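S.K.: give the three-dimensional model of this entry:
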Amino acid sequence: MGEVVLQRFLNNGLINVGGDDTKLEKLSQAAKHLAGILKKTPSKALNYALIAFDPEAPEDDPVIQEALVVLQGQWATYRNTFSATPVAAIRAILLDALLTAAVDDDRVGVCFVASARNALPLLNADHERDIWVDAVKEVERRIDARAEAEWATPQSITVSAMTYDVPELEAPKVKRGKVPRDTLKTAMLAAAGPSFHDPQQGNIATDGNRYWPHQHPHQWVGDFGRRSSEAIANAIDASIATIGVSQPDLAEPFKKLAAVVSEYVDNTLSTVSSATAGLQRRTNLLWWSEALYSPSAQKSYRDLPVSIAAAQMAFDLFASVPLFSPASVSAFLSETVLKLENAERAEGRPVRELVAEAQQQESLADLRKTAADLTTAPVGRGPLLALIGHSDHADAKNDASFQRLTGLPVDAKLDAVGWATWIFRELQAAKAASGGSSAKRRAAKKA
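M.R.: Numbers count the residues shown, from 1 in each chain. The predicted model follows:
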């Protein structure tokens, strides 16, 4: 949309290059250079956006001066074309740069959209409003598509089958046992009678059965049965005792199997958790909205003044949702604020007054700390969070500097809903600018 943006600024009479296409190309090249700066330093996106939106941006703002240096690098004689500092041209190339960078880096897109939704309704940009509306819609559509995908809950969850390579195991080895024949023979001879005949030694006493079968058959049978059964049983026991079976070592295979199963279970749980994260997040938000209880202030929002409660809600919601959140989240915040008593009937208050209140209110200490972490002390045009987070800075409490630092008219007012959504969007934009999130555009998922 880059050249289209510049052309639309020309068509609306906001910039004038005397019909010289080469000068328009120089503006385009400067915009590309600024887009390159944004890609390397996304933290500049928030300040770039706030200047790009404001037709009354001051000439001495650091962003204007930085862009002028870039413009002079591409167009050394630009001063011959413009009678004064070309603020409108700078704003046009800043918009061009933001839109170009937002294509590749969603953080830039978040900064752009969040800042636009806040600032544009309060700024005097009627002559270029149609340009902004189209630009914001284009970027917001991309950001919202990513956010909706991250918040979606699939109708079904597919988990791949577990794979495990079964190792080849050696067959068990069996060591055969042998009957002690000599011992069994001696015992059986002893069971058979009082003696036996050996060809070399003659008759040898067995010290066993005291009877011969032909002399005392009944006694012999009893002695023989007892002694022979005992001899055979001892022989069997002795042979079994020498049998050995060596089993394969299963320790390592079982260890690997346990590791594979554990990893599979972890991956499955992670898949289910990721797939249902959006549902869990929405459920938590519904609980929060119904309870109307602030986890940071540890009290009911109903116990706070409406304007304080609105800011507290914005901070608590910011702390519980990811950077890429659907546009409907801001609408959800608005409806939650309206649940507060008198919120709908409360009149708008000057923004400067709301900022001063946020700088001092005890329950908003966590908001101030987060704002200080996400922003730098106010110097040029920046978010209201910079004033809230750095309240001890000289310019943060200076009423005369308020318009210069924020771009907002001194008589600008916000009601409770507007104040809550403003803070929430600025927190999201500041987080995106801080670089603490995934930047690259995600490829579309295949159906």
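
S.K.: from the middle of its chain, how far away would stretch 45-61 be?
M.R.: 32 Å (CA atoms, centre = their mean, to the nearest Å).

S.K.: so which residues make contact with that stretch?
M.R.: Stretch 45-61 is contacted by residues 34, 38, 62-64, 85, 87-88, 90-91, 94-95, 97-98, 101, 107-108, 111-112, 115-116, 119-120, 123-125, 127-128, 132, 380-383, 404, 407, 429-430, 432-433 when judged by CB atoms under 8 Å, 6 or more residues apart in numbering. No exception for glycine: its C-beta is placed from N, CA and C like everyone else's.

S.K.: now with 7 Å, please.
M.R.: By CB atoms under 7 Å, 6 or more residues apart in numbering, the list of residues contacting stretch 45-61 from outside reads 38, 63-64, 85, 87, 91, 94-95, 97-98, 107-108, 111-112, 115-116, 119-120, 123-125, 380-383, 404, 407, 429-430, 433.

S.K.: so which bits of the worst-scoring helix or strand of the chain on mean pLDDT are buried?
M.R.: Lowest by mean pLDDT, DSSP states H and E among the helices and strands of the chain is helix 2-11, with a mean of 73. Of the residues in helix 2-11, 2, 5-6, 8-10 count as buried by neighbour count, 16 or more other CB atoms under 10 Å.

S.K.: could you pull out the strands for the stretch 51-200 of the chain?
M.R.: Secondary structure of the stretch 51-200 of the chain (DSSP state E, counting those that start in this stretch): strands at 173-175, 195-198.

S.K.: mind listing what the longest one pairs with, with the direction of each?
M.R.: Using DSSP bridges, strand 195-198 pairs in its sheet with strand 202-205 (antiparallel).

S.K.: I'd like the average pLDDT over the strand it pairs with.
M.R.: The pLDDT scores in strand 202-205 average 86.

S.K.: tell me where the model's unsure across this structure.
M.R.: 1-3, 124-127, 154-155, 271, 274-277, 435-447 (pLDDT under 70).

S.K.: any idea which helix is longest in it?
M.R.: Taking DSSP state H as the assignment, the helix of the chain that covers the most residues is helix 251-291.

S.K.: which other helices and strands does it contact?
M.R.: Packing partners of helix 251-291 (3 or more CB pairs under 7 Å, 6 or more residues apart in numbering; DSSP states H and E): helix 129-151.

S.K.: again, only using 6 Å
M.R.: The helices and strands touching helix 251-291, judged by 3 or more CB pairs under 6 Å, 6 or more residues apart in numbering; DSSP states H and E, number zero.

S.K.: between helix 129-151 and it, find me the angle.
M.R.: Inter-element angle recorded for helix 251-291 and helix 129-151: 130 degrees (by axes from the mean of the first three to the mean of the last three CA atoms, to 10 degrees).

S.K.: C-terminal to helix 251-291, what's the next element?
M.R.: Next along the chain after helix 251-291, taking DSSP states H and E as the criterion, comes strand 293-294.

S.K.: what lines up beside that next one in the sheet?
M.R.: strand 299-300 (antiparallel).

S.K.: in the next helix or strand after the strand it pairs with, which residues are buried?
M.R.: Following strand 299-300 in sequence order, the next helix or strand is helix 306-320 (DSSP H and E). Neighbour counts over helix 306-320 (16+ other CB under 10 Å) mark 306-318 as buried.

S.K.: domain assignment for the protein?
M.R.: 2-151, 173-246, 292-433 (automatic domain parsing).

S.K.: quick one, phi psi at Ala84?
M.R.: Main-chain dihedrals, Ala84, degrees, to the nearest 10: phi -140, psi -180.

S.K.: which residue is most remote from the mean position of the chain?
M.R.: Gln215 (100.3 Å; CA atoms, centre = their mean).

S.K.: got the contact list for that residue?
M.R.: Not one residue lies near Gln215 by CB atoms under 6 Å, 6 or more residues apart in numbering.

S.K.: A strand includes it, no?
M.R.: No. Using DSSP: H, G, I helix; E, B strand; the rest coil, the secondary structure at Gln215 is coil, not a strand.

S.K.: picking that back up, out of the strands of the stretch 51-200 of the chain, which comes closest to Ser239?
M.R.: Among the strands of the stretch 51-200 of the chain, strand 173-175 comes nearest to Ser239, with 11.6 Å by CB to CB.

S.K.: what is that closest one packed up against?
M.R.: Strand 173-175 packs on strand 244-246, going by 3+ CB pairs under 6 Å, 6+ apart.

S.K.: which outside residues touch the strand it packs on?
M.R.: The contact list for strand 244-246 (CB under 6 Å, 6+ apart) reads 172-175.
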